[in-house]
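Student: Sharing a model that was predicted from the sequence below.
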Amino acid sequence: MTIRVNGEPLEIDGPLSITALLAHLRIDPRLVAVEHNLTVVKRPLYDATSVTEGDEIEIVNFVGGGGS
C-alpha cells in the first residue's frame, strides 16, 4: 500500500500504527511530532492510530535552541 510521508510516496506492508511506522523508519517517537491527515496526533495515541492506503503523514523533528 502507498502512503505519503513528508510529501514523498512510501510503500508499506498493510495498515500499521504510527508507532510501527516510526519503528519501520527508525525514528525515535520521543523526538518527533506526527501529523496524520492534517491532524496532530498526541504521542499516547500513536499505538491506536492506524495508517492506511493513501494517508498523509508529516513527521517533524524537534529542534532545540533559543537562549541568547
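Tutor: On my side now, so go ahead. Not measured: the values here are computed from a predicted model.

Student: Can you name the residues bridging to Thr39?
Tutor: For Thr39, the residues forming beta bridges with it (DSSP bridges) are His36.

Student: That one: how many residues sit nearby?
Tutor: 8 (other C-beta atoms under 10 Å). C-beta here means a position set from N, CA and C on the backbone, and glycine is covered the same way.

Student: Arg4 is in contact with Ile59, isn't it?
Tutor: No - when contacts are counted by C-beta atoms under 8 Å, Arg4 is not listed as touching Ile59 (11.2 Å).

Student: neighbour-wise, which of the two wins?
Tutor: Ile59 (17 against 13).

Student: what bridges to Val51?
Tutor: So, taking DSSP bridges as the rule, Val51 has Leu16 as bridge partners.

Student: wait, isn't it in contact with His36?
Tutor: Yes - counting by C-beta under 8 Å, His36 is a contact partner of Val51 at 6.9 Å.

Student: These two: which is more packed in?
Tutor: Val51 (24 against 19).

Student: Looks to me like Ile57 is in a strand.
Tutor: Yes - under DSSP: H, G, I helix; E, B strand; the rest coil, Ile57 sits within a strand.

Student: Retrieve the pLDDT associated with the nearest residue to it once chain neighbours are set aside.
Tutor: Nearest non-adjacent residue to Ile57, counting by C-beta to C-beta, 6 or more residues apart in numbering: Val5, 4.9 Å away. Per-residue confidence (pLDDT) for Val5: 98.

Student: what does the one 3 residues further on give?
Tutor: Looking at Glu8, its pLDDT is 97.

Student: next one: Gly65
Tutor: At Gly65, pLDDT is 64.

Student: Just the helices from this structure, written as ranges.
Tutor: 18-24 (DSSP state H).

Student: got any residues that touch both of Val51 and His36?
Tutor: Common contacts of Val51 and His36 (C-beta atoms under 8 Å, 6 or more residues apart in numbering): Ile18, Ile57.

Student: quick one: low-confidence parts of the protein?
Tutor: Applying pLDDT under 70 to the chain picks out residues 64-68.

Student: Pull the number of nearby residues for Arg26.
Tutor: 6.

Student: ok, it - contacts?
Tutor: Arg26 neighbours (C-beta under 8 Å, 6+ apart): none.

Student: Having no further points to raise, I will conclude here.
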